[in-house]
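J.: Need a 3D model of the sequence below.
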Amino acid sequence: MPYKVEWLVPQRVITIYFYGKLVLEDFTAVATHTIAMMEDGIAPIHTLSVVDEVAEYPKSASAIIAMIRAGGSPHPNTGWVVQVTHSPVQRFMGAMMTHLFVGSLRYATAPTLGEAIQYLQERDPSLAALDPIALETAFDRG
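T.: Numbering: from 1, shown residues only. Model (predicted):
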């Protein structure tokens, strides 16, 4: 299971941490878990998708498209989805694929978790009291 899904901020901000070798079934499982969390959360529920630098994805376009589609349509409670990765290539590919296949999703990228949290704070005033540095420090990648 090369992923971890949990609340960063209970009922408001979900983190999904991807690491290791990922296959289509992983994305299907993440989507199922995230949808269940969305049902229990308080809208808008934002998602931070943290991609480890050593995460391996399938390389074929058809496999990537299948992974994106595994998530289905955005849940009605979905707020912003921010992909967190240092890789400019992953940020570009994520933005392009999301635009092409899930155009209605509010999507952004950030190089660090702290910057992703700041991005959300600029768009959702209810998150203003969060401390991005403390949350980034407390984030458990294990």
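J.: What confidence value was assigned to the residue positioned nearest the centre of the chain?
T.: With the centre of the chain defined as its mean C-alpha position, the nearest residue by Cα atoms, centre = their mean is Ser49, 2.3 Å away. Note on Ser49: pLDDT of 93.
J.: Show me the beta-bridge partners of it.
T.: Counting by DSSP bridges, Ser49 forms beta bridges with Ile16, Gln83.
J.: need the contact list for it.
T.: 15-16, 18, 81-84, 94 (Cβ atoms under 8 Å, 6 or more residues apart in numbering). The way it works is simple: take the backbone N, C-alpha and C, and place the C-beta from them, glycine included.
J.: Which one (most neighbours) among the residues you listed?
T.: The residue in those with the most neighbours, by other Cβ atoms under 10 Å, is Val84 (28 neighbours).
J.: Just the buried residues of the helix or strand bottoming out on mean pLDDT in the chain, please?
T.: Between all helices and strands in the chain, the lowest mean by mean pLDDT, DSSP states H and E belongs to helix 61-70, at a mean of 72. Using 16 or more other Cβ atoms under 10 Å as the test for burial, helix 61-70 gives 64, 67-68, 70.
J.: Stretch 20-35 too?
T.: Under 16+ other Cβ under 10 Å, the buried positions of stretch 20-35 are 22, 26-28, 30-31, 33-34.
J.: In helices only, show me those residues.
T.: Counting by DSSP state H, these place 26-28, 30-31, 33-34 in helices.
J.: which one of those is nearest Glu6?
T.: If you rank those by distance to Glu6 using Cβ to Cβ, His33 comes first, at 9.5 Å.
J.: what's near enough to touch that closest one?
T.: Val5.
J.: Tell me the helix or strand right after the strand or helix carrying Gln121.
T.: Per DSSP states H and E, Gln121 falls inside helix 113-123. Using DSSP H and E, the next helix or strand after helix 113-123 towards the C-terminus is helix 132-138.
J.: Many thanks, we can stop here.
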